[in-house]
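Enquirer: My questions are about this predicted structure, shown below with the sequence.
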Amino acid sequence: MDIPFDSWHKAIYLRHSQRKYSGEIPDDEVTERIERVCNEFRPFPGARAVLVRDPAKEVFKGAVGEFFYKVTQTPYYITFIGDMNSSNVQSVMGYLGEGVILEATALGLNTCWVGGFYRPEEVLKQINLEEGERVLGITPIGYSKEESDRVGVSSKQYRRKDLSNLIISGDADESWVKTAVEAARIAPSAGNRQPWRFDIDEDSITVSTNSRRRDFRVSRRLDCGISMLHIELGALVSGVKGSWEFLEHPEVARYRIN
């Protein structure tokens with residue numbers, strides 16, 4: 001599918017993590033649009049998203065609820081599934097999953113990337129995995145319990161590093177580059193660790209990760225995959241098209257303009 005970059009780029013600045021839901025079920029049209037994006041947004045091989053309409057109470061129940069990550073009363077959730085035999089599966093998963101989340105945000109739904117604080121054994125009762133696949137993350141999907149905290153009306157502020165701490169070479173003087181890296185700067189990451197770093201050249205932006213550690217039970221390359229989509233959306237709304245080349249650690253991928 002073609003990326004609806006205008007609406008997804010706007011959604012970057014509306015999205016915020018939400019863990020407490022009203023239980024309200026989205027109407028059929030909204031649900032069908034989310035399911036269609038799950039089925040059709042496959043920009044790279046090795047990753048897919050599945051909308052689960054079964055009750056999610058058991059998925060977030062128990063000891064995980066003792067943490068602030070507890071999710072309550074979500075009507076649906078989405079699983080992000082990766083083929084662990086596929087190269088670059090973590091960064092691909094971040095890119096794909098963030099696309100689904102931004103589509104949900106554009107439709108007025110709340111979401112929350114959840115990488116470790118849920119019960120995978122309960123998820124596996126509600127989905128089918130193919131050989132070599134693993135659930136790398138999930139997101140609840142629905143409407144916030146508080147009307148004032150719904151998408152589009154939240155006044156939440158982003159706690160993000162300054163670009164001067166994220167750009168390790170080059171500069172963001174070009175307008176498309178500035179728009180792209182600013183969008184990437186506010187991308188979500190596990191524990192808000194913001195592991196992405198940027199090398200900027202005349203015709204490209206390279207995303208690197210600052211560590212191999214898997215704190216919060218989530219790969220930093222998955223976080224960087226999220227920032228990759230944000231970079232591309234910033235470039236596209238600036239009228240600049242490009243393509244991704246995946247790289248070896250500590251680099252993740254390079255976006256080079258066409």
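Expert: Arrived safely.
Enquirer: Provide a list of residues in contact with I78.
Expert: Listed by Cβ atoms under 8 Å, 6 or more residues apart in numbering, the contact partners of I78 are 34, 38, 49-52, 97, 100, 104, 138-139, 141. Just so you know, the C-beta spots here come from the backbone N, C-alpha and C atoms, and that holds for glycine as well.
Enquirer: With adjacent residues omitted, what lies nearest to S175?
Expert: Excluding its sequence neighbours, the residue lying closest to S175 (Cβ to Cβ, 6 or more residues apart in numbering) is S238, at 6.2 Å.
Enquirer: again with R53
Expert: Y76 (5.5 Å).
Enquirer: quick one: contacts for that neighbour?
Expert: 25-26, 31, 51-53, 56, 140-142.
Enquirer: Now R185: closest residue in space, sequence neighbours ignored.
Expert: Distances taken as Cβ to Cβ, 6+ apart place R160 nearest to R185, at 5.3 Å, with adjacent residues excluded.
Enquirer: Do a quick rundown of the strands in the stretch 51-200 of the chain.
Expert: Using DSSP state E, counting those that start in this stretch, the strands of the stretch 51-200 of the chain run over 76-83, 110-111, 133-142, 167-169, 196-201.
Enquirer: Could you check the worst-scoring helix or strand of the chain on mean pLDDT and say which residues are buried?
Expert: Here the helix or strand of the chain ranked lowest by mean pLDDT, DSSP states H and E is helix 120-123, holding a mean of 93. The neighbour-count criterion (16 or more other Cβ atoms under 10 Å) identifies 122-123 as the buried residues of helix 120-123.
Enquirer: just checking, what packs against it?
Expert: Packed against helix 120-123 by the contact rule (3 or more Cβ pairs under 8 Å, 6 or more residues apart in numbering; DSSP states H and E) you find strand 133-142.
Enquirer: Look up the pLDDT of G191 for me, please.
Expert: pLDDT, G191: 88.
Enquirer: With D149 instead?
Expert: Confidence at D149, expressed as pLDDT, is 83.
Enquirer: Contacts only, for it.
Expert: So D149 contacts 18, 110 (Cβ under 8 Å, 6+ apart).
Enquirer: Now with 7 Å, please.
Expert: Contacts for D149 (Cβ atoms under 7 Å, 6 or more residues apart in numbering) come out as Q18.
Enquirer: can you tell me how far it sits from L14?
Expert: As judged by Cβ to Cβ, to the nearest Å, D149 and L14 stand 12 Å apart.
Enquirer: Then K241?
Expert: Distance of K241 to L14, computed by Cβ to Cβ: 24 Å.
Enquirer: Compare neighbour counts for these two and give me the winner.
Expert: For K241 versus L14, neighbours defined as other Cβ atoms under 10 Å are more numerous around L14 (16 against 11).
Enquirer: Am I right that the more buried one sits in a helix?
Expert: No - counting by DSSP: H, G, I helix; E, B strand; the rest coil, L14 falls outside a helix, being coil.
Enquirer: Ramachandran angles for it?
Expert: Backbone torsions for L14, taken as degrees, to the nearest 10, come to phi -100, psi -30.
Enquirer: Surely E245 touches V252?
Expert: No - in this structure, E245 is not within contact of V252 by Cβ atoms under 7 Å, at 10.3 Å.
Enquirer: more crowded one of these two?
Expert: Taking other Cβ under 10 Å, E245 and V252 do not tie; V252 has more neighbours (27 against 12).
Enquirer: Pop the domain breakdown of this protein in here.
Expert: Listed by automatic domain parsing, the domain ranges of the chain are 5-149, 163-257.
Enquirer: and S144, how many neighbours?
Expert: Using other Cβ under 10 Å, S144 has 20 other residues around it.
Enquirer: That'll do, ta.
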